[in-house]
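**Q** Got a predicted structure here, sequence first:
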Amino acid sequence: MKQETLDIIRKFTEDRDWDQFHSPANLAKSIVIEAAELLECFQWSDEFDLEHVREELADVMVYCVDMADKLELDMDEIIQAKMKKNAAKYPVEKARGSAAKYDQL
């Protein structure tokens with residue numbers, strides 16, 4: 001993520017004195033709430049409003065960034081570490097073209 005984007009998110013929160021509400025637990029709840037709003041974009045139909053999806057996805061991502069920032073986690077580091085674990089759980093030769101969970105490959 002660009003530093004400029006992170007700075008915008010931090011300033012938004014700081015200007016409103018919302019950090020006091022951004023405990024890890026509250027941020028986790030907010031991520032789930034916003035993810036549900038994103039899912040709602042696809043309720044009842046595979047058709048969707050791309051602008052609405054963009055807005056809801058951005059909300060999810062902002063709360064994820066807030067949480068990583070609050071916990072002093074490097075987003076690139078944690079994503080790369082998780083992708084390395086995922087690669088071990090889902091080797092290409094077993095997982096390619098399959099939607100099965102890793103323990104069922």
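**A** Structure's in. What do you need?
**Q** got the phi/psi numbers for residue 73?
**A** Recorded main-chain torsions at residue 73 are phi -100, psi 140, according to degrees, to the nearest 10.
**Q** What is the neighbour count of residue 62?
**A** For residue 62, the number of neighbouring residues by other C-beta atoms under 10 Å comes to 19. C-beta here means a position set from N, CA and C on the backbone, and glycine is covered the same way.
**Q** check contacts around it.
**A** Residues in contact with residue 62, defined by C-beta atoms under 8 Å, 6 or more residues apart in numbering, are residue 9.
**Q** how much space between it and residue 96?
**A** Using C-beta to C-beta, to the nearest Å, one gets 34 Å for the distance from residue 62 to residue 96.
**Q** Please apply the same query to residue 26.
**A** 39 Å.
**Q** Those two: which has the busier surroundings?
**A** Neighbour tally, residue 26 and residue 96, criterion other C-beta under 10 Å: the higher count belongs to residue 26, 16 against 8.
**Q** separation between that one and residue 9?
**A** Summarising the geometry, the distance separating residue 26 from residue 9, computed by C-beta to C-beta, is 16 Å.
**Q** in the helix or strand of the chain with the lowest mean pLDDT, what's buried?
**A** Least confident helix or strand, the chain: helix 92-95 with a mean of 93, by mean pLDDT, DSSP states H and E. Judged by neighbour count (16 or more other C-beta atoms under 10 Å), helix 92-95 contains these buried residues: residue 95.
**Q** what's the burial count for residue 38?
**A** By other C-beta under 10 Å, 19 other residues sit near residue 38.
**Q** Can you check the pLDDT for it?
**A** The model reports residue 38 with a pLDDT of 98.
**Q** Just give the closest residue to it, not the sequence neighbours.
**A** residue 56 (3.9 Å; C-beta to C-beta, 6 or more residues apart in numbering).
**Q** Next one, pLDDT for that neighbour please.
**A** The predicted local confidence for residue 56 is 98.
**Q** May I have the residues that are in contact with it?
**A** For residue 56, the contacting residues are 34, 37, 38, 40, 41, by C-beta under 8 Å, 6+ apart.
**Q** Can you show me the helices along this protein?
**A** Under the criterion DSSP state H, helices of the chain are mapped to 3-15, 24-40, 50-70, 75-89, 92-95.
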